[in-house]
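Peer 1: model this:
(one chain, ligands or ions: 1)
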Amino acid sequence: MILLPMKRVSIICASTFEARVIELLYETGAQGLTSFPVRGIGSQGEIEAASVQIEVILQPAKAEELLQRLRRDFFADHALVAYESDVQDEPPAESHVTTAEEQARLTPDAVLQEFKEGNRRFRSGQVTRRNHREQVRKSAPGQFPKAMVLSCLDSRVPVEDVFDQGIGDLFVGRVAGNFVNTDLLGSMEFACKVAGAKMILVMGHQHCGAIRGAIDDVKLGNLTSLLANIKPAVALSQDFPGEKTSANPLYVKHVAENNVRVALANIRSKSPILQEMAEEGQIKIVGAFYRLTDGTLEFIE
Ligand SMILES: [Zn+2]
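Peer 2: Alright, predicted model coming up:
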């Protein structure tokens with residue numbers, strides 16, 4: 001038996017006709033019905049707000065029959081648009097979540113490699129399609145994350161997406177300027193020693209406002225004491241051979257990279273637990289710089 005590709009029929013109608021159209025769709029045996037509000041332009045050029053788009057997937061013969069019935073029953077007196085299109089063969093959305101056994105089998109090197117590959121998918125627009133609802137359900141009983149990422153607050157750094165990871169895959173610590181303090185070190189110790197994560201990745205980023213604020217010695221409320229955490233990186237950057245101001249993106253990047261190096265050194269010197277785990281090869285502690293302009297990660301030694 002040859003299976004013809006399924007057809008998607010899309011119908012746009014005034015929301016007052018939605019119930020009648022849906023009734024007809026069920027009569028024709030449509031599956032996977034979705035319906036969402038849309039706005040269009042009316043015959044007088046006005047915006048028509050109260051329209052709805054309904055989509056169903058049907059066998060080709062049924063799709064043709066449906067279009068004919070819509071034409072006969074609705075087109076004469078109601079503003080309605082309907083068309084059919086091929087349903088592309090899409091792989092099912094990923095619904096798996098990392099299990100305890102999978103986490104136990106992972107090595108720090110494998111996690112780093114996976115994150116590099118995930119970033120390659122992210123920056124080429126090939127992120128994994130995920131069924132978040134299923135992942136929420138499956139991850140609820142327990143978590144077995146692969147890594148902890150310490151990131152800046154910046155809204156342009158979507159941490160899970162940057163590594164193409166799903167629900168339950170990552171611990172994420174965020175603070176403006178991605179520095180470590182006692183609380184973040186405690187969080188990292190929990191992530192690795194208690195919850196089994198195999199890597200700590202400290203991620204600075206391009207055009208970081210916190211780094212620029214530290215360079216400019218900004219004074220503002222509680223931000224003043226926050227920025228003091230980034231001052232060691234500014235002090236480390238005095239050898240920069242160029243204009244040392246927040247207006248120079250190369251200098252801002254230089255300080256941001258040094259800021260990651262300071263965080264890595266602090267993790268090792270202030271957490272004997274993490275330092276020992278790293279020495280024994282149970283975890284990897286790495287740094288990276290995220291380029292906002294193209295989504296690329298540069299790893300920092
Ligand atoms: Zn930032």
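Peer 1: Please make it C-alpha for all contacts and neighbour counts, starting now.
Peer 2: Noted.
Peer 1: how far away is Gly168 from the ion?
Peer 2: When CA to the ion, to the nearest Å is applied, the distance between Gly168 and the ion equals 24 Å.
Peer 1: Confirm that that residue sits in a strand.
Peer 2: No. Following the definition DSSP: H, G, I helix; E, B strand; the rest coil, Gly168 is coil and is not counted among the residues of a strand.
Peer 1: so it sits right up against Phe144, yeah?
Peer 2: Yes. Under the criterion of CA atoms under 8 Å, Gly168 lies in contact with Phe144, with a separation of 6.7 Å.
Peer 1: count of neighbours near Gln53?
Peer 2: Counted with other CA atoms under 10 Å, residues neighbouring Gln53 total 19.
Peer 1: can you check Ser155 too?
Peer 2: Residue neighbour count, defined by other CA under 10 Å, stands at 7 for Ser155.
Peer 1: Kindly report the same for Gln275.
Peer 2: Applying other CA under 10 Å, we find 18 other residues in the vicinity of Gln275.
Peer 1: Likewise for Leu223?
Peer 2: Around Leu223 there are 14 other residues, counting by other CA under 10 Å.
Peer 1: Return the residues of this structure in contact with the ion.
Peer 2: Residues of the chain that fall close to the ion, judged by CA under 5 Å from the ion: Cys152, Asp154, Cys208.
Peer 1: need the residues you listed in JSON lines with neighbour count, can you?
Peer 2: Supplementary listing: the residues of the chain next to the ion in JSON lines, determined by neighbours: other CA atoms under 10 Å:
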{"residue": "Cys152", "neighbour count": "23"}
{"residue": "Asp154", "neighbour count": "19"}
{"residue": "Cys208", "neighbour count": "21"}
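Peer 1: quick one: which of the residues you listed is nearest to Gln103?
Peer 2: Each of the residues of the chain next to the ion was scored against Gln103 by CA to CA, and Cys152 proved nearest at 25.8 Å.
Peer 1: Touching, that closest one and Arg174? I think so.
Peer 2: Yes. Using CA under 8 Å, Cys152 is in contact with Arg174, at 5.3 Å.
Peer 1: on that earlier part again, mutual contacts of Gly168 and Phe144, please.
Peer 2: Shared contacts of Gly168 and Phe144, defined by CA atoms under 8 Å, 6 or more residues apart in numbering, comprise Thr98.
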